[in-house]
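*Asks:* I'd like to go over a predicted model; first the sequence, then the structure.
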Amino acid sequence: MIEARGEREIVLRMVDGEDLLASLLSVSANSAVIVGGVGMVRDVLLGYWNGVEYEEHAVSEPAELLAMQGNLARLDGEPIVHGHLTVARRDGTLTGGHLIAATVANTAEVVLGLCKGIVLERKAEPPGLAGLYPRTEDG
């Protein structure tokens, strides 16, 4: 992964075969928002929260990564990614949902916005989601 870091942003370029989620988790940022992501992915596993659990659906073939958003936060001191993707199959059909897994196909470009002065924390909530609890660094 190639990473360029500014004062308020990080730009990432991932290459073919990289685990998208693991790459995001490896970024050294306590709190960040995923401003956007484009490229291609394969072996994608997306989730739909039905109120009790994630219903999973897979896109195995390479697909265009059209949009990505979410955040990087901390849960019990460990990094956690809450991301959503929209992908397009070769025939132009779209699907999207909660990012559970994806492998970069060719390339992926992701922009993160750093949350200066803000801490993004997640706490476990019933029935199993990790709710976001943003706070100021001094609060």
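*Replies:* Noted; the coordinates are in hand. Numbering: from 1, shown residues only.
*Asks:* Quick one: distance of the longest strand along the chain to the chain centre.
*Replies:* For the chain, the strand with the greatest residue count under DSSP state E is strand 94-114. In terms of CA atoms, centre = their mean, to the nearest Å, the centre of strand 94-114 is set 6 Å apart from its chain centre.
*Asks:* what's the answer for stretch 1-17, then?
*Replies:* On the basis of CA atoms, centre = their mean, stretch 1-17 sits 13 Å off its chain's mean C-alpha point.
*Asks:* Spatially central residue for the chain, please.
*Replies:* Of all residues in the chain, the one closest to the mean position by CA atoms, centre = their mean is Gly83, 3.4 Å from it.
*Asks:* Kindly confirm whether my reading is correct that that residue touches Leu65.
*Replies:* No - Gly83 is not in contact with Leu65 according to CB atoms under 8 Å; the separation is 11.0 Å. C-beta here means a position set from N, CA and C on the backbone, and glycine is covered the same way.
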